[in-house]
Structures are given as structure tokens and as C-alpha cells.
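1. Curious how this folds, go ahead:
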Amino acid sequence: MSIRTLHDVTNFVQDAKTLELPWPFTGREDELEVIRRSLTAGRHGIVVTGPAGCGKTRLVTEAVRGSDCVRVTGTPQTRGLPFAAFAPLLPETASLHRAVRLLSGVRVLVVDDAHLLDEASAALVHQLAVHGRTRLVVIAADRTPVPGAVSRLWTGELLPRLALEPLPHEETAHLLATGATLEPLTVRRLHRVCGGDLRLLRDLSGALRTQGLLTRIAGTDEWAWRGPVPMTPTVRERVARVLDRPRPDERDTLERLAFAEPLPLHLDDLGLDALERVEADGLVHIDDQGFAHLAHPLHGPALRAVAGRLRARRLARTPQQCARALADEQHTLARRIAQTDVRPHPAPVGEWLVAEGATVPAGYAAVRARFARLRGELLEAAAWAREGLREAPDDAACRGELVLVATQSGDPGRFHRGWGERDCGGGGHAAGGASAADGTAAWAAAAHGDLDGAVRALGGSTHGHQDGTQAADHPDGAAGLGDGDVYARYDAVRLGAPELAAGRLPGDGVLARHADALARGDGPALDRAAEALEERGFLLFAAEAHAQAVRAHRDPRAARTARTRAVALARRCQGARTPALSGLVLGELTARQRQIVTLAAAGLTNRQIAEKLTLSVRTVGNHLYSAYTRLGASDRGALPWLVELPDTASA
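-> As a prediction, this is how the structure comes out:
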């Protein structure tokens with residue numbers, strides 16, 4: 001029987017055009033391109049490795065979509081059987097030499113779960129790589145034993161290796177956007193608990209929906225997860241190592257750590273013998289201060305979910321016991337805001353309160369909202385502000401944060417539903433007073449396209465400490481007092497009026513460097529300021545600085561690079577739409593390209609655009625390809641950050 005006939009009579013030929021998949025493919029554009037390039041002429045293939053559940057198989061399936069390929073898979077049950085993975089493709093009595101000869105006619109061979117291959121199948125894959133007639137895509141899990149013949153594919157430099165990291169939070173949020181809309185803190189919790197494991201993510205998100213564990217947030221279309229983790233079969237499988245400890249003292253140690261969360265326990269409070277054993281098994285991490293933590297974020301919730309009611313009542317912390325730690329978190333985050341440093345910082349107590357469904361103090365929620373907003377995490381900023389408003393519906397700081405998020409996003413009405421718009425100006429910046437009110441007024445004007453009105457409003461908010469002192473220099477700086485003045489002045493830079501902030505930003509700090517570069521129209525200096533802003537965690541500010549650099553650069557290549565960086569950063573800012581970002585580079589396109597790109601950004605397919613403009617589909621595709629090249633975009637997913645979408649209705 002020929003290998004072609006074998007293809008026809010087995011299910012190993014994958015027609016990716018009709019393959020049904022549980023998740024829409026998102027992210028991984030760079031990795032996708034790497035795999036596709038490895039299958040072009042003159043290439044022998046690639047090895048894809050990564051943690052279990054990180055999406056290796058899904059990525060490869062997308063990469064070979066539409067091609068005629070053969071897929072084989074290793075399984076733990078058949079590791080002792082020679083050529084078990086290739087059994088449907090080979091005769092019963094096949095030698096390694098004959099197997100290589102038979103499979104050399106395969107154009108593309110996908111080998112999934114290669115770490116589970118039997119030795120003969122692993123040797124066959126290795127020999128196919130040596131002969132080079134078959135392009136191989138080999139998928140193997142990290143942190144698990146791999147047959148030597150498979151590991152030598154990359155250690156022996158027969159094939160390049162692509163090591164996948166867990167899917168980042170932004171792309172996880174895109175996956176979870178299908179179906180019921182989950183509120184941002186629930187998305188963040190799912191991402192944290194799953195640790196980038198997409199199989200676990202799919203299982204948990206499905207269980208939340210089917211078991212009725214989601215609750216509607218009043219006044220919104222969003223749903224929240226509060227309370228324990230559902231103990232699905234997949235969850236139990238993932239936590240079996242902690243649930244099935246044979247020694248009672250080890251299980252006791254793990255449970256005590258689980259119920260101590262969100263705070264760790266000191267080594268002196270635990271039995272060292274049991275602790276050493278569970279640490280050696282990778283279940284516990286000991287930090288530099290001598291505190292013990294559970295190693296995986298799922299272990300604590302799982303142990304708490306299966307504990308008996310009486311034991312849980314005896315061991316569990318209460319929100320009141322965490323009050324001091326919560327105040328410390330608020331103090332630290334406010335100080336970092338004042339020091340213009342919003343790089344990621346652990347704040348588990350507030351997240352634990354939200355997960356447990358407990359009340360979050362408005363003061364803490366406002367600081368968390370401000371920290372998230374300055375990082376460009378607009379959806380999470382709005383969610384934290386709402387948490388504070390549930391405890392104190394009239395809190396000015398939380399309302400101000402909600403308004404600032406609304407006016408800097410692409411959907412202002414989304415953040416007001418259910419909360420109204422009263423008294424929103426008093427807390428846009430932590431300083432309060434006139435500068436905060438003027439700051440929110442400025443962004444409200446900018447959101448309606450009135451940049452002149454925004455600049456006029458900022459005229460009152462750029463006056464503050466004339467010496468440029470920061471909150472960190474103030475006796476109460478750690479509580480966040482005074483930082484609003486700095487960021488209110490900096491708003492003038494973001495809105496394109498750096499002259500209003502001249503001499504009024506702290507020293508030679510990153511905000512002042514951005515202002516100076518914009519005032520001088522210095523493209524390279526704007527790019528350097530953007531890099532410094534990104535390094536300090538200000539992703540939205542960095543995107544804006546790169547976008548401003550696009551217009552300032554005289555070198556077209558430098559402008560394209562700045563544009564690409566601006567788009568990449570803006571895509572991580574959860575729907576941010578500010579004057580610096582809107583309509584980023586449409587002026588460089590032809591009139592027809594602008595028309596087509598605007599329609600594509602509005603969600604129309606190539607065929608729909610062709611019908612609307614009386615063009616051929618091929619012509620539309622050619623225009624889009626040329627536009628992508630000029631815009632520095634890889635696909636239409638980047639277009640909403642490049643196009644002024646409010647104008648699309650009239651396009």
C-alpha cells in the first residue's frame with residue numbers, strides 16, 4: 001500500500017480548513033511566522049517545546065492550516081511498543097530502515113507529544129531529520145523526560161528549537177472574550193490561577209459558566225467570579241501532587257500554607273522535616289526573608305476547596321486579620337506612583353479580598369485603580385474603582401478614576417453604566433482640588449475631540465508645587481498626596497501641549513524628558529523617552545511617546561519603527577484611545593488605502609469591503625498589504641489602534 005493511500009484511509013491527514021477547534025487562535029503571531037518559515041523550501045522543520053497546556057499543539061495546528069500534513073502522537077500507554085506512534089502508517093513488521101524509506105515521501109510530518117514516543121518511534125523521527133526529505137514539526141513538553149533521540153534534534157542542531165512561554169495575560173483576555181463577558185479582575189484571577197495552562201483555563205472557564213458560579217455586576221454586561229475554585233476533574237488532575245500526599249504531616253503543612261494565604265508563613269511556624277520534603281518536590285517556595293509560599297497559585301485555592309468545614313473555620317484568615325497587610329500594600333503602591341515607577345509589583349492581599357467576595361476599602365481601591373490606569377491597564381483600573389464604589393458609592397477618588405478611564409478608552413459609556421456621572425471630578429488625581437477637576441475636564445474634552453478645550457482646562461491643572469517636588473518628598477507622600485499635581489501637569493504633554501508643563505515636572509525625570517523632547521520635536525529623543533517610560537511600567541505613556549515620535553521623525557525608517565512600537569504597546573493597553581494614538585499614521589496612506597483600512601478596522605471582511613467599494617477582492621487585499629507595510633502592522637488586529645474609528649460610519 002502506498003503512503004498516499006495510507007493518507008486517504010486514515011485520519012492522519014489534517015485538512016486544517018475544516019478542523020474544528022475549541023478556542024479562536026489569538027496572539028503568537030511571531031511564533032506562528034517562525035513555524036511557517038521553517039516549513040518553506042530549503043528548511044527541514046522545527047521543534048516546539050513549552051510547559052504543558054501552553055498551546056503548543058494549537059499553535060502548530062494553526063501554522064499547518066491548509067497544508068497536506070500527516071500527524072502522529074505519542075501516548076504514555078504505548079511507550080513500550082516499537083513504532084507505536086506510527087502504527088497506522090507502517091506495516092506490522094517494519095524495520096527502521098524501511099520506515100524511513102516509506103515516510104520520506106511525506107511532505108510535512110507533525111509529531112505531537114514527542115516526549116511520550118517509544119524509543120523506536122523517537123529513533124525514526126531522528127533519522128527522518130537526518131535524511132532531511134520530510135519537513136518535521138516536533139512538539140514536546142518541558143520539564144519532563146524526553147527520549148534521547150528527540151532531544152538530540154535540537155541539541156545536535158538538526159532542527160531549530162522554539163521554546164514557548166505561557167500565553168500572556170493580554171492574549172488570555174482575548175480568548176476569554178468569547179461568550180459571556182468576564183470582568184477584568186476575574187480574567188486576571190483566571191490567568192493567575194491557571195499559570196498559562198490553556199487546557200486548565202478552558203476547563204475552569206467552562207465550569208464557571210455551566211455551574212452557575214458567575215454573578216452579574218450591577219449596571220454592566222460583565223460577569224464576575226467570586227468564591228472557591230470549582231474542583232473539576234482537570235483541576236484535580238493538576239493538583240493531585242498536593243492533594244494525594246501520603247504523609248499526614250506533609251498534607252498538614254500544605255493546608256496550613258493554603259489557609260495562610262494571602263500572607264506567607266515563617267519557617268519557625270512550620271515543621272521543618274515535612275517542609276523540606278515538600279520543598280524538594282517543588283511544591284513550596286522559600287523566599288529570602290524566610291517565609292514559605294505554595295509554589296503554584298492553584299494549589300492554595302484547591303486545598304481550601306476540599307478541606308472540611310471545621311478545619312477551614314479553624315485555619316482560615318479573615319479580612320480583618322489582613323487589614324495591616326492591606327494598608328502596607330496601599331502605602332507601597334502609592335509611594336511607587338509618587339516615584340514615577342509603576343512596574344509590576346505583587347499585591348496579593350487586595351486580590352484575595354476580591355476573590356473571596358469581601359469588601360475592598362475605597363481608599364485602597366482608588367490607589368489600585370490609579371496604579372493600573374498609569375500602567376495602561378484601563379479595564380482593570382475601572383474594575384478596581386468599581387470595587388471601591390461598592391463600599392463607598394460617593395467616593396470622589398474612585399469616581400474620578402472611573403471618569404479618567406472612560407475618557408481615555410474607546411468606549412466611554414461602558415464605564416458609566418450603573419454608576420451615573422455625578423461628582424466625578426474630585427478624585428481624578430490623588431491630590432484632589434482644582435487640579436484634579438481640571439484634569440478630568442481636560443480628558444473629557446479630549447474624548448469629544450475638543451483638544452483646544454482640553455488644553456484650556458489644563459491651564460488650571462498645571463499649577464502646583466512650583467519647585468517640582470514629588471509626593472515622595474512630602475511628609476505624607478507615601479499616602480499618595482501631591483502625586484496628582486505631577487501627573488496633571490504631565491497630561492499636557494500627553495495631549496500635545498508640552499509648553500504648559502515646561503519647568504513644572506520633577507527635575508530630569510522621565511516625564512520631564514518626554515516633555516522636553518516633544519517641545520523640541522525631537523523624534524529620537526521621543527523614542528528614548530518612550531523606552532524609559534516603558535521600563536518604568538508606563539505602557540500607555542510609552543505608546544503615546546512613540547506615536548508622537550512618528551510625526552517628529554524625518555527618517556521614514558525611524559518613523560516606521562516608532563509606529564510599530566507604538567502599536568505593539570497600545571495593543572497591551574486594554575482599549576486605550578487617546579489623542580496621541582488616534583489616527584496614528586493614516587496621513588501617510590493614499591486616499592483609497594485610508595478608505596479600505598478604515599473599513600477593515602471597523603470589522604468588515606475583504607469581500608464586504610470589495611462589495612461596498614465596487615472593487616475586486618484581490619484589489620482590496622493588495623491595498624491592505626501595502627497599507628500594512630506602511631503602517632508597520634502585521635494584520636488587521638492592529639488596525640483599531642491606528643484608525644480613528646468614530647469616523648468609520650461615514651467611510
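2. What segments of the stretch 501-650 of the chain are strands?
-> Counting by DSSP state E, counting those that start in this stretch, the stretch 501-650 of the chain has no strands at all.
3. actually the chain, not the one I wrote
-> Secondary structure of the chain (DSSP state E): strands located at 13-14, 45-50, 69-73, 108-112, 135-141, 161-163, 181-182, 214-216, 222-225, 265-266, 284-286, 291-294.
4. Report all helices and strands that the fifth one contacts.
-> With contacts defined as 3 or more CB pairs under 8 Å, 6 or more residues apart in numbering; DSSP states H and E, the packing partners of strand 135-141 are helix 29-38, strand 45-50, helix 56-63, strand 108-112, helix 119-131, helix 148-155. Glycine gets a C-beta too; all of them are placed from N, C-alpha and C.
5. so which of the ones you listed is the most packed in?
-> strand 45-50 (a mean of 24; mean count of other CB atoms under 10 Å).
6. so what strands line up beside that strand?
-> Sheet pairing here is set by DSSP bridges, and for strand 45-50 it gives strand 135-141 (parallel), strand 161-163 (parallel).
7. Next, the angle helix 29-38 makes with it.
-> With axes from the mean of the first three to the mean of the last three CA atoms, to 10 degrees defining the directions, strand 45-50 sits at 150 degrees from helix 29-38.
8. Show residues contacting strand 45-50.
-> When contacts are defined by CB atoms under 8 Å, 6 or more residues apart in numbering, strand 45-50 is touched by residues 34-35, 38-39, 56, 59-60, 114, 129, 134-142, 153-154, 159-166.
9. starting at the chain centroid, how far to stretch 391-399?
-> Here stretch 391-399 is found 28 Å from its chain centre; the criterion is CA atoms, centre = their mean, to the nearest Å.
10. same question for it, mean pLDDT?
-> In this model, stretch 391-399 carries a mean pLDDT of 92.
11. repeat for stretch 522-530
-> Mean per-residue pLDDT for stretch 522-530: 97.
12. chain center to it, what's the gap?
-> 26 Å.
13. count of neighbours near the spatially closest residue to Phe541 that is not a sequence neighbour?
-> Spatially, and ignoring its direct neighbours in sequence, Phe541 is nearest to Leu533 (4.6 Å; CB to CB, 6 or more residues apart in numbering). Per other CB atoms under 10 Å, the neighbour tally for Leu533 reads 25.
14. what sits against Leu533?
-> By CB under 8 Å, 6+ apart, the contact set of Leu533 is Val510, His514, Phe541, Ala542, Ala545.
15. so which of those residues comes closest to Ala568?
-> Closest approach to Ala568 among the contacts of Leu533 (CB to CB): Ala542, at 10.0 Å.
16. Mind pulling up the pLDDT for that closest one?
-> Per-residue pLDDT puts Ala542 at 97.
17. burial measure for it, as a count.
-> Look at Ala542: counted by other CB under 10 Å, it has 29 neighbours.
18. pretty sure it is touching Asp527, no?
-> No - at 9.7 Å, Ala542 and Asp527 do not qualify as touching, with contact defined as CB atoms under 8 Å.
19. Quick check: the gap between Ala545 and Pro524.
-> Computed as CB to CB, to the nearest Å, the Ala545 to Pro524 distance reads 12 Å.
20. Those two: who's more crowded?
-> Neighbour count, other CB under 10 Å: between Ala545 and Pro524, Ala545 has more, with 32 against 15.
21. give the contact list for that one.
-> Going by CB under 8 Å, 6+ apart, the list of residues near Ala545 reads His514, Ala517, Leu518, Leu526, Asp527, Ala529, Ala530, Leu533, Ala580.
22. For the third one, give its distance to Gln408.
-> Distance, Leu518 to Gln408, using CB to CB: 18 Å.
23. neighbour count winner among those two?
-> Between Leu518 and Gln408, counting by other CB under 10 Å, Leu518 is the more crowded of the two (27 against 24).
24. residues near the residue lying closest to that one once chain neighbours are set aside, how many?
-> Spatial nearest neighbour of Leu518, excluding adjacent residues (CB to CB, 6+ apart): Pro498 at 4.5 Å. For Pro498, the count of nearby residues is 22 (other CB under 10 Å).
25. Would you mind measuring from Pro498 to Ala383?
-> Distance from Pro498 to Ala383, by CB to CB: 32 Å.
26. Same question for Arg245.
-> Distance from Arg245 to Ala383, by CB to CB: 36 Å.
27. what about the two, which has more around it?
-> Applying other CB under 10 Å to Arg245 and Ala383 shows that Ala383 carries more neighbours, namely 28 against 20.
28. from what I can see the more buried one touches Arg189, true?
-> No - counting by CB under 8 Å, Arg189 is not a contact partner of Ala383; they are 10.9 Å apart.
29. I'm done for today, thanks for sticking with me.
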